[in-house]
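Trainee: When you get a sec, could you give me coordinates for this:
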Amino acid sequence: MDVVFASVALDLQKAKITKEAVIKASSIFGGIEIKVPSDANIKVKSRPIFGGVSNKILNKVENKKTIYIEAFCLFGGGEIK
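Mentor: Numbers count the residues shown, from 1 in each chain. Just a heads-up that it's a prediction; the model follows:
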């Protein structure tokens, strides 16, 4: 998902994740909000330049479902909740 001079919200709260999922997101002069299922582990790898990514999710060690988020932000940001 790519965002330039805009914002986008991705709601995955009701998604059925069986094992793993990968989300690649980039934001240039914009913002991305990703809502994830409450029963998934979240692993974030970000490369911010004059921006940032905040992950507000606490991982559940016993759960094997994992969402990997690869984020790039240039004068923008992302929020995972």
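Trainee: which residues touch the helix or strand of the chain with the lowest mean pLDDT?
Mentor: Of the helices and strands making up the chain, the lowest-confidence element is strand 52-55, at a mean of 89, by mean pLDDT, DSSP states H and E. By Cβ atoms under 8 Å, 6 or more residues apart in numbering, the residues outside strand 52-55 that reach it are I42, V44, S46, A71, C73, G77, G78, E79, I80. C-betas here are computed from N, CA, C, even on glycine.
Trainee: Please dump these into TSV; it should also carry pLDDT, secondary structure and neighbour count for every row.
Mentor: Output for those, formatted as TSV (pLDDT from 0 to 100; DSSP: H, G, I helix; E, B strand; the rest coil; neighbours: other Cβ atoms under 10 Å):
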residue	pLDDT	secondary structure	neighbour count
I42	90	strand	21
V44	93	strand	17
S46	92	strand	18
A71	94	strand	25
C73	92	strand	24
G77	90	strand	19
G78	91	strand	26
E79	93	strand	15
I80	93	strand	22
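Trainee: Out of those, the closest to K64 would be?
Mentor: Nearest to K64 among the contacts of strand 52-55 is I42, at 13.2 Å by Cβ to Cβ.
Trainee: so who does that closest one touch?
Mentor: So I42 contacts V36, N55, I57, N59, T66, I67, I69, I80 (Cβ under 8 Å, 6+ apart).
Trainee: What number of residues are in the vicinity of the second one?
Mentor: This points to N55. N55 has 18 neighbours, counted by other Cβ atoms under 10 Å.
Trainee: That one bridge partners, please.
Mentor: I80 (DSSP bridges).
Trainee: what's the distance between it and K43?
Mentor: Between N55 and K43 the computed distance is 9 Å (Cβ to Cβ, to the nearest Å).
Trainee: same thing with the third one?
Mentor: Between I57 and K43 the distance is 10 Å, computed by Cβ to Cβ.
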